[in-house]
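Enquirer: here is a sequence together with a model predicted from it:
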Amino acid sequence: MKFISTRGGEKVTGAKAIVQGLSSDGGLFVPEKFPEVTQSEMDEMLEMSYPERTAKILSKYLDEYDAKELLSACENAYSKFEGSDPAPLVRLDDGVYMLELFHGPTCAFKDMALTVLPYLLRKGCDICGITDEILVLVATSGDTGKAALEGFKDAEGIKVMVFYPSDGVSKMQKLQMNTQEGKNVNVVGVKGNFDDCQTAVKQIFASEECNKILAEKGVMLSSANSINFGRLAPQIAYYFSAYLDLLSSNQIEKGEKIDFTVPTGNFGNILAGYYAKLMGLPIRRLHCASNSNKVICDFLQTGTYDTCREFIKTTSPSMDILVSSNLERLLFEVSGRDKKLTAKRMEDLKTTGKYSITEEERKIIAETFDGGYADEESCVEAMYDVFIDTGYTMDTHTGCAMKVVQDWYEKNKKDETKMVIVATANPYKFPQDVLYAVTGNDVKDSFKGIKRLHAATAMAVPKCLKELRDKPVIFTKTADKKKLFDEVLEFIK
Ligand SMILES: *Cc1c(COP(=O)(O)O)cnc(C)c1O
């Protein structure tokens with residue numbers, strides 16, 4: 001299968017799309033067409049393990065990768081998860097389920113893809129005959145950074161460098177990154193917010209001069225952000241897997257349509273759900289949940305994407321994003337795959353901070369998507385309500401999704417479509433905020449928060465978070481957002 005750019009004429013193999021990350025015209029790679037999953041394939045997948053299901057989905061897109069090798073890569077990746085199922089579905093209420101994607105090595109859903117991506121990238125280089133050293137540059141709002149560091153640590157021929165907003169991530173997230181071990185990793189805080197980080201990293205990717213300097217040193221850039229198709233592909237699998245789990249436990253019938261609600265930042269997670277739908281998975285609606293930075297929610301309602309607004313720091317930092325990169329892929333689809341128009345809109349976004357789509361396009365999007373948001377108070381309320389009613393504890397990002405689900409049922413009281421809420425982080429990643437939500441107690445220290453939250457919920461504390469307290473801090477540097485390339489050069493010296 002070939003991949004094309006959302007903005008220009010570039011057409012590449014899957015391996016090349018993954019190695020390169022971003023198209024040379026600045027666009028994102030999308031599959032030339034969406035492979036279908038037939039009913040008989042669905043029947044086969046019903047019996048499969050999670051790694052087998054993922055390998056099956058991946059092989060539909062990445063036909064130049066060996067299918068057996070894909071499977072062993074997935075088995076290896078998901079063997080790093082706690083428990084027997086990497087993506088368990090937990091029943092919350094009649095017809096409402098939590099899809100827990102946080103049982104990986106760094107306790108956030110980013111692990112679902114970033115445990116597989118190193119293989120896809122390493123093998124992709126081999127397939128393309130690339131012998132340069134690969135430098136994976138990551139801009140993170142908190143969770144991608146750690147998952148990439150953990151996924152790529154000590155990978156052969158690959159270095160990974162993470163930039164995070166120095167005051168824009170949670171304490172646990174920062175500590176997770178700054179204590180990272182491995183010979184090939186680097187972490188730098190950036191004075192600014194996530195959008196500043198993402199923009200600065202994208203500029204390095206787009207700069208001919210930077211790429212030339214790196215090429216002279218035998219280094220080629222790649223990305224572990226969800227602009228990379230290699231991040232999206234493994235994420236498509238859990239939408240299928242959740243559906244198959246509902247089917248095999250007789251909660252739905254064959255072909256029955258279901259809904260998903262997804263806490264959204266860069267639009268990568270929910271876009272994977274849309275791709276699953278385009279592949280034939282019976283999805284009725286995708287509910288997009290934002291926090292107070294509700295650019296996407298407003299966009300879905302008005303058809304105008306407008307970033308000219310205040311950036312708000314919230315207790316769900318991984319969703320503190322105004323410029324959602326992956327929306328470009330959705331625009332591309334609903335414009336009838338119009339490259340020129342997509343390029344123009346992205347140019348408008350860059351120069352004016354906004355763009356608009358047509359009413360017709362807005363309606364096409366609204367057939368599948370709707371958006372809601374939770375401000376800080378309503379997120380806490382939603383988390384509290386569910387904790388009191390069911391005993392289930394969720395993290396702050398998932399809390400935003402819960403509020404959006406509550407609002408949906410408020411407006412659609414008789415809706416009987418099964419609802420899957422995607423739970424994106426382990427609650428212990430944000431212990432103080434979650435403790436506050438479920439008990440009303442404030443503590444100043446994250447580890448005290450973990451202790452109290454454990455006392456209140458009896459939920460098991462993941463080892464990787466407990467351990468953090470005694471780990472030495474290795475990275476302490478912060479840099480100006482205009483000087484990130486200097487940091488890159490320093491690192492690869
Ligand atoms: C990254 C992240 C999100 C947002 O996911 P996108 O793919 O960027 O939309 C939501 N919740 C958590 C916990 C995350 O780490």
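Expert: Perfect, I can see it now.

Enquirer: residues touching whichever residue of the stretch 51-200 of the chain sits closest to the ligand, list them.
Expert: Here the residue of the stretch 51-200 of the chain nearest the ligand is Asp143; by CB to the nearest ligand atom that distance is 3.2 Å. Using the backbone N, CA and C atoms, a C-beta is placed for each residue, glycine as well. Contacts of Asp143 were listed using CB atoms under 8 Å, 6 or more residues apart in numbering, and they are 106, 108-110, 173, 318, 424-425, 429.

Enquirer: again with Leu221
Expert: Applying CB under 8 Å, 6+ apart, the residues contacting Leu221 are 21, 134-137, 204-205, 211, 214.

Enquirer: quick revisit: which pLDDT value belongs to the residue of the stretch 51-200 of the chain closest to the ligand?
Expert: Looking at Asp143, its pLDDT reads 94.

Enquirer: leaving out the residues flanking it, which one is nearest to it?
Expert: Distance criterion CB to CB, 6 or more residues apart in numbering; nearest residue to Asp143, sequence neighbours excluded, is Ala108 at 3.8 Å.

Enquirer: now swap in Phe194 and tell me
Expert: Ser141 (4.2 Å).

Enquirer: please list the residues of the stretch 101-250 of the chain that sit near the ligand.
Expert: 108, 110, 143, 226 (CB under 6 Å from any ligand atom).

Enquirer: which residue ranges of the stretch 301-450 of the chain form strands?
Expert: For the stretch 301-450 of the chain, the strands defined by DSSP state E, counting those that start in this stretch occupy 304-306, 354-356, 369-373, 419-423.

Enquirer: and the ligand, which of those is closest to it?
Expert: Among the strands of the stretch 301-450 of the chain, if distance is taken as CB to the nearest ligand atom, the winner is strand 419-423, at 8.4 Å.

Enquirer: show me what the closest one packs onto, helices and strands only.
Expert: strand 96-100, strand 258-263, helix 396-411 (3 or more CB pairs under 8 Å, 6 or more residues apart in numbering; DSSP states H and E).

Enquirer: ok, then the element right after the first one?
Expert: The first helix or strand that comes after strand 96-100 along the chain, using DSSP states H and E, is helix 111-114.

Enquirer: show me which residues of the stretch 351-493 of the chain sit near the ligand.
Expert: Looking at the ligand, the residues of the stretch 351-493 of the chain close enough under CB under 6 Å from any ligand atom are 397, 424-425.

Enquirer: out of the residues you listed, who's the most crowded?
Expert: His397 (33 neighbours; other CB atoms under 10 Å).

Enquirer: pretty sure the residue nearest to Phe194 contacts Val323?
Expert: No. The pair formed by Ser141 and Val323 falls short of the contact definition of CB atoms under 8 Å, at 11.3 Å.

Enquirer: can you give me the neighbour number for Phe491?
Expert: With other CB under 10 Å as criterion, Phe491 counts 15.

Enquirer: and it, what element?
Expert: helix 484-492.

Enquirer: so which other helices or strands are in contact with that helix?
Expert: Helix 484-492 packs on strand 133-139, strand 158-165, strand 185-191, helix 194-206, helix 208-216, going by 3+ CB pairs under 8 Å, 6+ apart.

Enquirer: tell me the angle whichever helix or strand comes after the last one makes with strand 158-165.
Expert: Later in the chain than helix 208-216, the nearest helix or strand by DSSP H and E is strand 219-223. Regarding strand 219-223 and strand 158-165, their directions subtend 50 degrees when assessed with axes from the mean of the first three to the mean of the last three CA atoms, to 10 degrees.

Enquirer: tally up the residues packed near the closest residue to Gln235 other than its chain neighbours, please.
Expert: Spatially, and ignoring its direct neighbours in sequence, Gln235 is nearest to Ala272 (3.5 Å; CB to CB, 6+ apart). When neighbours are counted by other CB under 10 Å, Ala272 registers 26.

Enquirer: which of the helices and strands packed on helix 484-492 comes out lowest on mean pLDDT?
Expert: Among those, helix 194-206 carries the lowest mean pLDDT, a mean of 91.

Enquirer: residues in contact with it?
Expert: Taking CB under 8 Å, 6+ apart as the rule, helix 194-206 contacts 21-22, 26, 137-141, 163-165, 168, 190, 192, 210-211, 221, 223, 225, 307, 311, 320-323, 325, 481-482, 484-485, 488.

Enquirer: pick the most deeply packed of the strands of the stretch 301-450 of the chain.
Expert: strand 419-423 (a mean of 26; mean count of other CB atoms under 10 Å).

Enquirer: shaky segments in the stretch 251-400 of the chain?
Expert: Across the stretch 251-400 of the chain, not a single residue meets the criterion (pLDDT under 70).

Enquirer: all helices of it, in order?
Expert: 268-278, 295-302, 327-334, 339-352, 359-368, 376-390, 396-411 (DSSP state H, counting those that start in this stretch).

Enquirer: the first one close to the ligand?
Expert: Yes. Helix 268-278 comes into contact with the ligand when judged by CB under 6 Å from any ligand atom, the residues involved being 268-269.

Enquirer: tell me how far that helix lies from the chain's centre.
Expert: 11 Å (CA atoms, centre = their mean, to the nearest Å).

Enquirer: next, the angle strand 258-263 makes with that helix.
Expert: Using the same axes, to 10 degrees, helix 268-278 lies at 160 degrees relative to strand 258-263.

Enquirer: same deal with the last one?
Expert: Helix 396-411 and strand 258-263 are oriented at 130 degrees to each other (the same axes, to 10 degrees).

Enquirer: and for helix 396-411, what's in contact with it?
Expert: Contacts for helix 396-411 (CB under 8 Å, 6+ apart): 96, 98, 261-263, 287-291, 314-316, 318-319, 370-374, 378-383, 385-386, 394, 415, 419, 421-425, 430, 433-434, 437.

Enquirer: and the residues you listed, which are buried?
Expert: Among these, the ones that count as buried by 16 or more other CB atoms under 10 Å are 96, 98, 261-263, 287-291, 314-316, 318-319, 370-374, 378-383, 386, 394, 419, 421-425, 430, 433-434, 437.

Enquirer: run through the bridge partners of Tyr373.
Expert: For Tyr373, the beta-bridge assignment (DSSP bridges) gives partners Ser290.

Enquirer: return the residues in contact with it.
Expert: Tyr373 touches 289-292, 294, 297, 400, 403-404, counting by CB under 8 Å, 6+ apart.

Enquirer: farthest-apart pair in the residues you listed, please.
Expert: Ser292 and Val404 (13.0 Å; CB to CB).

Enquirer: re earlier: ranking the helices and strands packed on strand 419-423 by burial, who's on top?
Expert: strand 258-263 (a mean of 26).

Enquirer: contacts for that strand?
Expert: 99, 239, 242-243, 246, 252, 269-270, 273, 282-289, 316, 319, 397-398, 400-401, 404-405, 408, 417-422, 424.

Enquirer: relative to the ligand, how far out is the spatially closest residue to Lys339 that is not a sequence neighbour?
Expert: Leaving aside its chain neighbours, Lys339 sits nearest to Arg7 (5.6 Å; criterion: CB to CB, 6+ apart). Arg7 is 21 Å from the ligand, where distance means CB to the nearest ligand atom, to the nearest Å.
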